[in-house]
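Novice: Okay, structure incoming, though there's no sequence with it:
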């Protein structure tokens, strides 16, 4: 089942309510690591909104990249197995996304790619290049992090929360000890001193994790 929790409101240049029906989504699968769950969820929502079939198109130029992309496409298809949609995949050989899209583009198709995709020897932004050279509207899916980035973010968030909890608990027990071991006047002074220290530690720790 697809994870449909991801919003597709950041589609550019059109928002979800503005999308028109399309014959097919021509989805350009990048040759770098992405979060496939997020990627396929966005495409699924877009296809549902436009009533489109889907063609996932990959571009490879050697045997190694072909093997990697075949694994990616197999994973994508598996995520769509419970979706009642016409979903197909295709691998094209070459180095020029523009020519590959031109060969596969049909009347009524919408091209879909992610923001980080680039093309050509000058490493130009793929969406801009396609729009200019093929005079076609390209929908850009943003905020598609790689799986490695997603895992890294999860680890950072978990570490930040555990560290913050440890600081709060440590500060609490410190104040308990101050109350137990000091008298009224000194107790108040130590409590006042410990307060900014505890807050400063908490702020510093959280700032390290954004």
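Specialist: Arrived safely. The structure displayed is predicted, hence computed values, not measured ones.
Novice: For the closest residue to residue 179 other than its chain neighbours, give me phi and psi.
Specialist: Leaving out its chain neighbours, the residue that sits closest to residue 179 by Cβ to Cβ, 6 or more residues apart in numbering is residue 187, at 6.2 Å. No exception for glycine: its C-beta is placed from N, CA and C like everyone else's. As for residue 187, its main-chain torsions (degrees, to the nearest 10) stand at phi -60, psi -50.
Novice: Which parts of this protein are helices?
Specialist: Listed in chain order, the helices of the chain (DSSP state H) span residues 36-50, 63-79, 97-104, 126-134, 147-181, 184-208.
Novice: want to try a markdown table for those, with mean neighbour count, distance to residue 91 and mean pLDDT as columns?
Specialist: Shown next, in a markdown table, are those (neighbours: other Cβ atoms under 10 Å; distance: least, Cβ to Cβ, whole Å; pLDDT from 0 to 100):
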| stretch | mean neighbour count | distance to residue 91 | mean pLDDT |
| --- | --- | --- | --- |
| helix 36-50 | 21 | 16 | 88 |
| helix 63-79 | 14 | 6 | 89 |
| helix 97-104 | 17 | 10 | 93 |
| helix 126-134 | 18 | 17 | 87 |
| helix 147-181 | 13 | 21 | 66 |
| helix 184-208 | 12 | 43 | 72 |
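Novice: Could you dump those helices into a markdown table and include distance to residue 26?
Specialist: Converted to a markdown table, these look like this (distance: least, Cβ to Cβ, whole Å):
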| stretch | distance to residue 26 |
| --- | --- |
| helix 36-50 | 11 |
| helix 63-79 | 14 |
| helix 97-104 | 6 |
| helix 126-134 | 10 |
| helix 147-181 | 24 |
| helix 184-208 | 43 |
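Novice: Just the pLDDT at the most centrally placed residue in the chain, thanks.
Specialist: The centroid of the chain falls nearest to residue 144 when counting by Cα atoms, centre = their mean (2.4 Å). Each residue has a pLDDT score; the one for residue 144 is 72.
Novice: With residue 15 instead?
Specialist: 43.
Novice: Likewise for residue 6?
Specialist: For residue 6, pLDDT reads 31.
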